[in-house]
Every structure is written in C-alpha cells, then in structure tokens.
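> Okay, sequence plus prediction incoming.
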Amino acid sequence: MHPQQNRSSVSEFILLGFSNQPHTQLLLFVVFLAIYLVILFGNSLIFSLIRIDSCLHTPMYFFLANLSFLDISYTTTTVPQMLLHLLSKKKSISYAGCIAQMYIFLSLGITECILYAVMAYDRYVAICHPLHYTLIMSRSVCVKMATSSWVGGFLFAMVHTGVTMRLPYCGPNEINHFFCEVPAILKLACADTRVTEAVVFVMGVILLMTPVFLILVSYIFILTAILRISSAEGRFKAFSTCTAHIITVTLFYGAAMFMYMRPASSYSPERDKYFSFFYNVVSAILNPLIYSLRNKDVKGALVKLMGKKCPLNQGGRRIVLWYRTPGF
C-alpha cells in the first residue's frame, strides 16, 4: 500500500464480546459484574490496609499495594466497557478509544510483568540476605524499583501500540473480542502484517521471558537457602511466603505467553478471548486471596489489633519496619 494511504478509514470498531444471545448476555453480565466487584473490593481493601496500618509498612507490602492498585486499574480498563456492551445493542468503540484502551491495557500489563520480577527479588533478598535486607531494600530503593516498573510499562506499551496502529484499517471493523487487544486488531489490518507480527512476537519474548528468567533465578537461590534452614518450622514459613507468588506468576505468565508468544496462524478468536479474560481478570481476583488475605499480618490489620506490637517476621527472618507513621 502506498505510504499516503497508510491511514485508517475506520472510525469505529465493533466488539463482538462473548455472546450475542440475550439470555446468555444477561447471565454473563451478572457473573462478570460479581467478579469485578470482588476485584474492586479485595484489592481496594488490601491497598487501604497497607496504607493505613503502620505494621504493614515493609517492602513486601509496599509492592503488594502497587500490585493491588495495578489490578484495579488493569481490570477497569476493559471490564466496565464489556459490562456495558452486554446490556446494550450498540457495541462499538471509537478508533481513538480503541487505541487508548490498547495502550493503557498494554502499559498496565507490562508493568505487572516487571513488578512480579521485582517482588521475586524482594523475596530473594529477604530470605537469602536477611541481615542486609533493610539496607538493600531501603525505602528509596523500593520506590525507585516500583517507579521503574511503571515507567517501563508505559514506554514499552508506546512502542507496542505504535507498531500495531501504524497499519491501515480500512475494511472490516468487527473485533471478535471483548476489548481492543493486539492479536485481535491485527486480523483486521488492510496490509501485510508479517513484520508487525514479528515485532510483537519479539517484544513478547523480551517482556515476558526476561521477568520469568529473573523470577526463576531468584527462586533457585531462595530454594537453596530454604533447604539450608535447620528447623522444619523455619523451612515451612520461608517456603509458604513464596508459594503464593509462584502460583500467581505461573498463571499470569502462562496465559500471557499463550497470547503473545505464538505464530499468528494459531490464533483462535473464540479461544483467545477466554485466555485474555484469564490473565486480565482471574489473576486480579486471585492476587488479594493468595497474596494477602491468607497472611496473618493482613488479618491482624483487618481485625484492628490495636495496642499490639507489629509482627516483625517475614520469610522466617526478622526484619525492621521502614517507619510507623500512617501512609507511605
């Protein structure tokens, strides 16, 4: 196509969603609304507790607060619109709105990929270098690591969105998905998408496999350190703090890899939208359940155990709180 024609003539896209049957749509609306409310409640509760309770002012909970805020934002990018489309006949999204949704979704998704690696490093330091933990994971270092995760997510997403939306979209405008995701959008391009698909694949490998590699290395060292702990109780406590992270990371990266690290010929819209729902929504509902609400420190904050000393034990090792004033 001539460069001057490399412009979209599509003003809006139609999101087909999960179903076009009225009774099925109503059922899906009720189910998805319930899931979304649980996500908002659970993650907002964790975020608020970590900010308010000084007992939770440690690096681990600081990163968990970031994760909770990230999950709220992540799901809010797609789920409210999906709920609206389940109740309305008009299921369109403007071209500009589609670009914005794609960019924000990618930004938050990439940020979460990086943040999981940061959290694995935090657990590595806590278990493998407990005596130097507060020195290594100081408040300023944690803020810089969290900030780098957010900045990296928004910068990489800019490239990802740019290479996708530079293609012309001049014909079909029905997206067999519930939001504007890259693989679904590329199927509508009026040009050869092989170069773009290759770029998306390479970026997927870099942005997914690099954090996975760092997480894997961190947990190899963690496992080695845990096996050296003499007491069975100590090994159990150290291992239990990391098990939840491993479960969540496996679920999140597994679904994301399936979507972004495979040839375009293997795309299946009906199947892919469920995988997207999994790492977009299911991981956000599991995080507060697996990471925090099963934790005795968070339970202590929930019941407002006023007057008691803050628990100073994480990963089977003693650590020191950053400070005790409310808020971050």
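Perfect, thanks for sending it. Numbering: from 1, shown residues only.
> Please name the nearest non-neighbouring residue to the spatially most central residue of the chain.
With distances taken as C-alpha atoms, centre = their mean, residue 112 lies nearest the centre of the chain, 3.9 Å away. Using C-beta to C-beta, 6 or more residues apart in numbering and skipping residues adjacent in sequence, the residue nearest residue 112 is residue 70, 5.5 Å away. Using the backbone N, CA and C atoms, a C-beta is placed for each residue, glycine as well.
> Which residue ranges of the stretch 101-250 of the chain form strands?
Assigned by DSSP state E, counting those that start in this stretch, the stretch 101-250 of the chain shows strands spanning 174-175.
> ok now stretch 66-83, how far from the chain's centre?
Taking C-alpha atoms, centre = their mean, to the nearest Å, the mean C-alpha location of stretch 66-83 is offset from the chain mean by 9 Å.
> So what touches that stretch?
Stretch 66-83 is contacted from outside by 15, 17, 29, 32-33, 36, 39-40, 43-44, 46-47, 50, 93, 101, 104-105, 108-109, 111-112, 115, 119, 146, 149, 178-179, 280-281, 283-284, 287-288, 291-292, using C-beta atoms under 8 Å, 6 or more residues apart in numbering.
> Go again with 6 Å.
29, 33, 36, 39, 43, 46-47, 104-105, 108, 112, 146, 178-179, 280-281, 284, 287 (C-beta atoms under 6 Å, 6 or more residues apart in numbering).
> on that earlier part again, now the residue nearest to residue 112: how far from residue 11?
Distance from residue 70 to residue 11, counting by C-beta to C-beta, to the nearest Å: 32 Å.
> These two: which is more packed in?
Shown here are residue 70 and residue 11; by other C-beta atoms under 10 Å, residue 70 has more neighbours (22 against 11).
> Which phi and psi values does the residue nearest to residue 112 adopt?
Main-chain dihedrals, residue 70, degrees, to the nearest 10: phi -60, psi -40.
> and if you look at the one 3 residues further on?
Dihedral angles of residue 73 (phi, psi; degrees, to the nearest 10) stand at phi -70, psi -40.
> Residue 167 too?
Torsion angles at residue 167 (phi, psi; degrees, to the nearest 10) stand at phi -70, psi 150.
> Residue 158: neighbouring residues, count only.
Using other C-beta under 10 Å, residue 158 has 13 neighbouring residues.
> now residue 56
Residue 56 has 24 nearby residues by other C-beta under 10 Å.
> next one: residue 106
By other C-beta under 10 Å, 25 other residues sit near residue 106.
> do you know how far it is from residue 268?
Applying C-beta to C-beta to residue 106 and residue 268 gives a distance of 21 Å.
> Where do the helices of the stretch 1-150 of the chain begin and end?
Taking DSSP state H, counting those that start in this stretch as the test, the helices found in the stretch 1-150 of the chain are 22-52, 59-76, 79-87, 95-128, 133-136, 139-165.
> Mind giving me the packing neighbours of the longest one?
Other elements packing on helix 95-128 under the criterion 3 or more C-beta pairs under 6 Å, 6 or more residues apart in numbering; DSSP states H and E are helix 59-76, helix 133-136, helix 139-165, helix 194-228, helix 232-260.
> Quick check: which of those helices is nearest to residue 183?
Closest approach to residue 183 among these (C-beta to C-beta): helix 232-260, 6.4 Å.
> Show me what the next helix or strand after that closest one is packed against.
Using DSSP states H and E, the helix or strand that follows helix 232-260 towards the C-terminus is helix 269-277. Packed against helix 269-277 by the contact rule (3+ C-beta pairs under 6 Å, 6+ apart) you find helix 232-260.
> One more pass at 8 Å, please.
helix 182-186, helix 232-260 (3 or more C-beta pairs under 8 Å, 6 or more residues apart in numbering; DSSP states H and E).
> most tightly surrounded among those?
helix 182-186 (a mean of 20; mean count of other C-beta atoms under 10 Å).
> Please name every helix or strand in contact with that one.
helix 95-128, helix 139-165, helix 194-228, helix 232-260, helix 269-277.
> highest average neighbour count across these?
Mean neighbour counts for the helices and strands packed on helix 182-186 (mean count of other C-beta under 10 Å) peak at helix 95-128, with a mean of 22.
> can you give me the offset of it from its chain's centre?
5 Å.
> what do you get for stretch 27-43?
Centroid displacement of stretch 27-43 relative to its chain, using C-alpha atoms, centre = their mean, is 17 Å.
> Quick check, pLDDT for residue 234.
pLDDT for residue 234: 68.
> that older thread, kindly reformat the helices and strands packed on helix 182-186 as CSV containing distance to residue 298.
Formatted as CSV, the helices and strands packed on helix 182-186 follow (distance: least, C-beta to C-beta, whole Å):
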stretch, distance to residue 298
helix 95-128, 16
helix 139-165, 18
helix 194-228, 21
helix 232-260, 12
helix 269-277, 27
